[in-house]
Every structure is written in structure tokens, then in C-alpha cells.
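>>> compute the structure for the input listed below.
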Amino acid sequence: MIVLHGLTQTGSGVMDITAFNAIAEDNKFIVCYPSGINNAWNANMNVSVSTADDKGFIEKLVHYFRDNFGTDPMRQYLSGFSNGGFMSHKMACESNECFAAIATVSGNMSDTTYADCAPHYRTSVLHIHGTGDAVVPYSGGPATGVSVEATLEKWRSFLGCTNDPTTVSMPNNNLLDLSTADDIIYHNCSQSALEHIRVNAGGHQWPGINTWVGGVGTVNMDFYSPQVIWDFLKTKSCPNAGLNSMTMDKFKYNSILESTFLLESDQPLKFECWNTIGQKVFDGESNDPIDVSNLKSGIYFLNLNIFNKENCKIKLIKI
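So this is what the prediction gives:
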């Protein structure tokens with residue numbers, strides 16, 4: 001799980017604020033708090049704050065953890081506050097890496113991310129946002145991008161959810177915080193989930209964390225957002241329907257790789273396999289087994305010419 005800080009903040013700062021470490025210890029997962037250059041993330045913001053290749057940086061981070069700690073490529077998660085939330089939406093829209101789920105607080109989609117969003121995977125999304133947020137307005141704005149409703153509709157459409165979400169009032173556990181929360185749950189999403197916690201009168205804050213460091217406005221204390229975020233993320237994995245084996249026209253192959261790759265076809269087919277950073281890792285012809293036991297765990301892409309269809313691309317997973 002990668003947690004992305006807000007503008008002007010740091011990784012160590014958001015670590016101290018959220019205390020995700022304790023949740024990670026209890027649930028046996030790795031949590032990482034990187035810091036962006038100049039305390040910012042290049043999330044295609046309407047008002048430019050960074051030109052760094054943060055998409056590439058975050059992708060290299062997940063490669064590092066897979067290569068050195070054996071993390072599961074099917075269970076990679078992002079969470080972010082404010083600018084870090086914008087970056088999380090950008091990654092889910094643009095990255096070739098599969099992030100099983102993202103959870104954002106007081107962050108949204110910039111106009112550019114919204115216009116260009118073309119996800120490679122059906123990433124599950126939890127979006128937490130206060131209606132009284134004066135920094136990233138709920139209704140959107142020229143400095144921050146589209147409205148929360150537009151972002152949710154973008155994900156609803158892509159994930160194939162029906163347009164009849166259920167709204168549940170969350171317990172008003174703290175009567176003194178002058179705010180309440182509604183949990184809005186979308187239904188029948190394809191291999192994914194979409195959920196929005198609307199914090200009524202809530203400010204630019206992490207709900208449940210009584211700190212003013214980096215935040216503005218009312219802090220809702222009815223729920224502890226880091227725990228709610230992990231409860232949402234922990235059940236999600238990258239969509240795996242059809243990954244164990246797949247038949248397409250007149251060939252079949254194993255797209256979950258253990259020790260051998262084999263593409264079986266009734267006519268010769270040439271193929272090339274590439275990793276996510278554009279390096280060719282093997283090639284061959286159909287019906288010839290390829291030893292992949294030395295491949296690192298992760299996501300790969302198989303390119304082949306099928307029945308005169310150029311550049312057919314298929315995702316492979318090495319476990």
C-alpha cells in the first residue's frame with residue numbers, strides 16, 4: 001500500500017498523521033510513504049505544482065517492493081490526501097500497473113486527468129470528500145478540476161456500475177463536530193467496487209484524525225478514515241476472470257505463469273513478451289514451451305500477430 005501526501009506535506013508527515021503503520025502491523029501488509037519533489041505530486045493539476053515523472057516513480061516503487069519483498073502484483077493499493085488523492089486517480093487512469101484499488105481523501109480528478117482517463121484495469125475506488133472542503137471544492141472549480149459527482153460518474157461508467165447507488169447514513173458518533181457522513185455504495189460494478197463517503201459540512205481533512213496539520217476546515221470525527229480505507233482496500237484484488245486459462249478463436253495459453261509459458265495453436269504464431277518498462281523478456285513460436293522460472297513476479301504483456309490482426313496484446317501474470 002502506497003500512501004501519498006498532500007501538497008506541501010511529506011511522506012513522514014502523512015505517516016505520523018494517519019498512523020497506517022499500526023494497521024499494517026495488525027494486518028501484515030507493507031505500507032510506504034514516499035515524498036514528492038518539492039512536496040508535490042505531478043497529477044496533471046489545473047494549477048501546475050510539479051513536472052516530475054511521478055507516475056514512473058510510483059511504478060518503480062511497486063517494482064522495487066515486488067522484486068525485493070515478494071509483494072503480490074494482484075494486491076497493490078494507493079491512498080492519497082488532496083494532491084496525493086489527485087495522483088491516485090491519475091495512476092488508476094493511466095498506469096500500466098494494476099492497482100487493485102485506490103482510496104482518496106479530499107482529492108479529485110483534474111480537468112486533464114478527467115479528459116484523458118483511459119484505465120487499463122478495473123480499479124476499485126473509494127472516494128472520501130467533504131462538502132465543505134474549501135481547498136478542493138466538492139462542486140469543482142477552475143483551480144482544482146471537475147466536481148466529485150463528475151469523478152464518480154466517470155468511474156461508474158467505466159466500471160459498469162448501475163446508476164442506482166444506495167445511500168446509508170453513517171452513525172453520528174460525535175455530535176460536537178458539526179458534521180455527518182453518508183456512505184454511498186454503487187452496485188453491480190464489473191469485477192470492481194465504487195464507494196463514496198460524503199462528509200456533510202466536512203472540510204479538507206482526514207476524517208477521524210483530530211489534527212490541523214495540513215488541513216483546513218471541519219474535522220469529522222464520526223469514523224476513523226484510515227481504518228475505513230483499509231477495510232475497503234483489503235478485500236480487493238486485480239480482476240482475474242479468465243486469467244488462469246483462456247481460449248480465443250483457435251489458440252489458448254496460460255496467462256498465470258509459474259515455470260513454463262505455452263501458447264498452443266493449430267497454426268504457427270510468433271510472439272514476444274515485454275515487461276512494464278518496455279524490455280523484451282522472451283519470444284518464441286506457438287507450441288514451443290518457454291522456461292519462465294527465472295522471470296520476476298509481476299505483470300507482462302504478450303504481443304502477437306493473430307490471423308492478420310497486428311499487435312494483439314495479452315496480459316500475463318508471473319507469480
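>>> drop to CA atoms for contacts and neighbour counts, all remaining ones
OK.
>>> test of understanding: give the bridge partners of Leu302.
Under the criterion DSSP bridges, Leu302 forms beta bridges with Cys273, Ile314.
>>> quick one, what contacts the residue nearest to Tyr33 when sequence neighbours are not counted?
Distances taken as C-alpha to C-alpha, 6 or more residues apart in numbering place Gly11 nearest to Tyr33, at 4.5 Å, with adjacent residues excluded. Gly11 is in contact with 3-5, 33-35, counting by C-alpha atoms under 8 Å, 6 or more residues apart in numbering.
>>> apply 7 Å and report the result again.
Gly11 sits next to 4-5, 33-35 when contact means C-alpha atoms under 7 Å, 6 or more residues apart in numbering.
>>> ok, now Leu126?
Taking C-alpha under 7 Å, 6+ apart, one finds 102-104, 194-196 in contact with Leu126.
>>> could you export those residues as CSV, including secondary structure and neighbour count?
Formatted as CSV, the contacts of Leu126 follow (DSSP: H, G, I helix; E, B strand; the rest coil; neighbours: other C-alpha atoms under 10 Å):
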residue, secondary structure, neighbour count
Ile102, strand, 28
Ala103, strand, 28
Thr104, strand, 28
Leu194, strand, 25
Glu195, strand, 22
His196, strand, 22
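>>> any chance of these in TSV, plus pLDDT and distance to Tyr64?
Formatted as TSV, the contacts of Leu126 follow (pLDDT from 0 to 100; distance: C-alpha to C-alpha, whole Å):
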residue	pLDDT	distance to Tyr64
Ile102	98	19
Ala103	98	22
Thr104	98	23
Leu194	98	29
Glu195	98	30
His196	98	31
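>>> tell me the one among these nearest to Lys318.
Set against Lys318, the nearest of the contacts of Leu126 by C-alpha to C-alpha is Ile102 (22.6 Å).
>>> that closest one reaches Ser88, doesn't it?
Yes - between Ile102 and Ser88 there is a contact under C-alpha atoms under 7 Å: 6.5 Å.
>>> how far away is the residue nearest to Tyr33 from Trp41?
12 Å (C-alpha to C-alpha, to the nearest Å).
>>> before we move on, what about Leu126?
Counting by C-alpha to C-alpha - Leu126 and Trp41 are separated by 20 Å.
>>> mind exporting the C-alpha coordinates of the longest helix along the chain to PDB?
What stands out as the longest helix in the chain, according to DSSP state H, is helix 54-69. Taking Å, rounded to 0.1, in the frame of the first residue of the first chain, the C-alpha atoms of helix 54-69 are listed here in PDB:
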ATOM      1  CA  ASP A  54       5.800  10.800 -10.600                       C
ATOM      2  CA  LYS A  55       3.800   8.200 -12.500                       C
ATOM      3  CA  GLY A  56       7.100   6.500 -13.400                       C
ATOM      4  CA  PHE A  57       8.400   6.900  -9.900                       C
ATOM      5  CA  ILE A  58       5.400   5.200  -8.300                       C
ATOM      6  CA  GLU A  59       5.600   2.400 -10.800                       C
ATOM      7  CA  LYS A  60       9.200   1.800 -10.000                       C
ATOM      8  CA  LEU A  61       8.300   1.800  -6.300                       C
ATOM      9  CA  VAL A  62       5.900  -1.100  -6.800                       C
ATOM     10  CA  HIS A  63       8.500  -2.900  -8.900                       C
ATOM     11  CA  TYR A  64      11.000  -2.500  -6.000                       C
ATOM     12  CA  PHE A  65       8.700  -4.000  -3.500                       C
ATOM     13  CA  ARG A  66       7.800  -6.900  -5.800                       C
ATOM     14  CA  ASP A  67      11.500  -7.600  -6.600                       C
ATOM     15  CA  ASN A  68      12.800  -7.200  -3.000                       C
ATOM     16  CA  PHE A  69       9.900  -8.200  -0.700                       C
END
